[in-house]
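In: here is my input, please return the structure:
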Amino acid sequence: MARKLSKGDKVEWETSQGKTEGKVVKKQTTPTKIKGHKVKASKTDPQYIVESAKTGKRAAHKPGALHKA
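Out: All right, here's what the predicted structure looks like:
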């Protein structure tokens, strides 16, 4: 499980294509949408918005899915 992550931290996560690397854009603590997908984030269940180093696309992940690179 990821420790406290901060904006700019380099992280990696698993995708269906394998391991992906990128950086933390922000900690999301309120519901939002990314590419039409609902992100059910809250203060008690935050998610991190990450940006892929390879594609530049953004996605939301729960803290347990991210590992510092």
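In: going forward, measure contacts and count neighbours with C-alpha atoms only.
Out: Fine.
In: contacting residues for Ser42?
Out: Applying CA atoms under 8 Å, 6 or more residues apart in numbering to Ser42 gives the contacts 28-31.
In: rebuild these as CSV, extending it with secondary structure and neighbour count.
Out: Putting these into CSV (DSSP: H, G, I helix; E, B strand; the rest coil; neighbours: other CA atoms under 10 Å) gives the following:
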residue, secondary structure, neighbour count
Gln28, strand, 20
Thr29, coil, 16
Thr30, coil, 14
Pro31, coil, 13
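In: dump these into TSV; add pLDDT and distance to Lys10 as well.
Out: Output for those, formatted as TSV (pLDDT from 0 to 100; distance: CA to CA, whole Å):
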residue	pLDDT	distance to Lys10
Gln28	96	17
Thr29	96	20
Thr30	97	23
Pro31	97	24
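In: Ile34 contacts His61, correct?
Out: No: shown here, Ile34 and His61 do not form a contact pair, counting by CA atoms under 8 Å, at 11.4 Å.
In: please identify which of the two sits among more neighbours.
Out: Neighbours were counted for Ile34 and for His61 using other CA atoms under 10 Å; His61 has more, 19 against 12.
In: let me know whether the more buried one touches Glu51 as I believe.
Out: No: using CA under 8 Å, His61 is not in contact with Glu51, being 10.6 Å away.
In: helices along this protein, start to end?
Out: With helices called from DSSP state H, the chain shows none.
In: all strands for the chain, in order.
Out: 10-15, 18-28, 32-34, 37-39, 47-52, 58-61, 67-68 (DSSP state E).
In: counting neighbours, what do you get for the closest residue in space to Thr32 that isn't next to it in sequence?
Out: Among residues not flanking Thr32 along the chain, Val39 sits closest, at 5.2 Å (CA to CA, 6 or more residues apart in numbering). Per other CA under 10 Å, the neighbour tally for Val39 reads 20.
In: which regions of the protein sit below the pLDDT cut-off?
Out: 1-3 (pLDDT under 70).
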